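[1] quick one, what's the 3D model for this:
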Amino acid sequence: MSAALARRQALLKETAQRAWLSRLMLLVGLGVVLLATGYTGALDAERYRELLPTLWTLAGDAWPPAFERWEHWSKPLLDTLTMSVAGTVGGILVALPLGALAASGQAPAPLRQLVLLLLNAIRSIPSLVWGILFVAAVGFGPLPGVLALATHSTGMLGKFFAEIFEHVDRAPVDALRSQGVPVLGVLRFGVLPQVLPRLVDVALYRWEHNIRAATTLGAIGAGGLGLEIVTAFHLFEYREALALIAVLLALVSLVNLLGAQIRRRFLDHTTA
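    Numbers count the residues shown, from 1 in each chain. Next comes the predicted model:
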């Protein structure tokens with residue numbers, strides 16, 4: 001048997017083994033999904049019998065939305081918006097240095113692993129749990145919501161920022177260093193132009209997420225629209241709850257439009 005034929009047969013055997021392993025992993029994955037779905041009761045048809053009639057009844061009770069108390073919603077709306085802004089900015093300010101330290105090649109390995117562990121621990125705890133802890137620590141109101149959003153945002157943004165810093169092109173950075181440019185100059189002219197658009201993009205997405213998260217935190221005493229929505233449901237004021245949800249959707253839509261405009265401006269600026 002020639003060497004070329006032997007290599008061909010070995011390659012075919014390796015390809016067949018990989019295909020078999022891929023099919024096995026697919027079957028295992030499907031099995032896990034089916035087991036998880038069945039365990040949660042999602043495959044129990046009996047559970048869905050009253051689903052549509054109940055939703056239809058709730059929709060009838062909630063329509064039309066009642067905006068009679070709209071004058072009382074300005075402060076909850078402001079609380080939700082300011083919580084999201086302050087929480088996002090706080091998370092960015094802490095996540096930037098931590099993300100730079102967590103990026104490979106930017107800090108000693110032990111320090112990098114320690115920062116990565118810290119970021120993993122922070123984002124593993126849901127913002128709702130952080131909110132409960134901060135409500136117990138500083139009391140009710142928007143402040144625990146800001147702290148909860150900032151803390152969870154630090155863990156998420158720190159991870160994303162680290163990945164962005166890891167993909168920086170080293171050529172302009174090394175060229176500036178070889179010319180004796182100080183560290184701040186290297187960051188200003190070699191790193192920032194590469195990472196700023198992506199940093200802004202990730203930060204804006206996080207802000208949009210924090211708008212919705214701030215509403216959830218209102219249910220545990222952090223104020224805002226979330227508290228108003230939960231209260232309306234508890235009082236069976238479904239029409240008012242629907243109106244508040246409509247206000248929340250309008251707020252999220254406006255933030256999305258604003259974020260799209262900011263992204264477009266940064267993109268035009270960097271490509272000009």
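[2] check contacts around L157.
    Neighbouring residues of L157 by Cβ atoms under 8 Å, 6 or more residues apart in numbering: G91, I92, A95, G99, V202, A203, R206. Just so you know, the C-beta spots here come from the backbone N, C-alpha and C atoms, and that holds for glycine as well.
[3] any idea which element the fourth one lies in?
    Just to be clear, that refers to G99. helix 74-102 (DSSP states H and E).
[4] so after that helix, what's the next helix or strand?
    helix 109-124.
[5] that following helix vs helix 74-102, what angle?
    Orientation of helix 109-124 against helix 74-102 (axes from the mean of the first three to the mean of the last three Cα atoms, to 10 degrees) gives an angle of 160 degrees.
[6] longest single helix anywhere in the chain?
    The residue-count maximum for a helix in the chain (DSSP state H) belongs to helix 3-39.
[7] CA-only coordinates of the host helix or strand of V135, as CSV, when you get a sec.
    Under the criterion of DSSP H and E, V135 resides in helix 127-138. Extracted in CSV, the C-alpha atoms of helix 127-138 (Å, rounded to 0.1, in the frame of the first residue of the first chain):
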residue,chain,number,x,y,z
SER,A,127,-29.7,42.3,39.0
LEU,A,128,-32.9,41.5,40.9
VAL,A,129,-30.9,39.8,43.6
TRP,A,130,-28.5,42.7,43.7
GLY,A,131,-31.5,45.0,44.1
ILE,A,132,-32.8,43.0,47.1
LEU,A,133,-29.4,43.3,48.7
PHE,A,134,-29.1,47.0,48.1
VAL,A,135,-32.7,47.7,49.2
ALA,A,136,-31.8,46.0,52.5
ALA,A,137,-28.6,48.1,52.7
VAL,A,138,-29.7,51.6,51.7
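[8] same for that helix, what does it pack against?
    helix 142-166, helix 192-217 (3 or more Cβ pairs under 8 Å, 6 or more residues apart in numbering; DSSP states H and E).
[9] what's the farthest-apart pair in the contacts of L157?
    Maximum pairwise distance in the contacts of L157, criterion Cβ to Cβ, is 12.5 Å, between G99 and R206.
[10] what about the two, which has more around it?
    Counted by other Cβ atoms under 10 Å, G99 and R206 do not tie: G99 has more neighbours, with 27 against 22.
[11] would you agree that one is in contact with M156?
    No. Here G99 does not reach M156: they are 10.4 Å apart, not a contact under Cβ atoms under 8 Å.
[12] dump the residue contacts of Q9.
    So Q9 contacts nothing (Cβ under 8 Å, 6+ apart).
[13] ok, it to G141 distance?
    72 Å (Cβ to Cβ, to the nearest Å).
[14] what of V28?
    Distance from V28 to G141, counting by Cβ to Cβ: 48 Å.
[15] L204 now?
    26 Å.
[16] can you check L248 too?
    To G141, L248 is 19 Å away according to Cβ to Cβ.
[17] of those two, who's got more company?
    L248 (21 against 15).
[18] which residue is the nearest non-sequential neighbour of the more buried one?
    L225 (5.4 Å; Cβ to Cβ, 6 or more residues apart in numbering).
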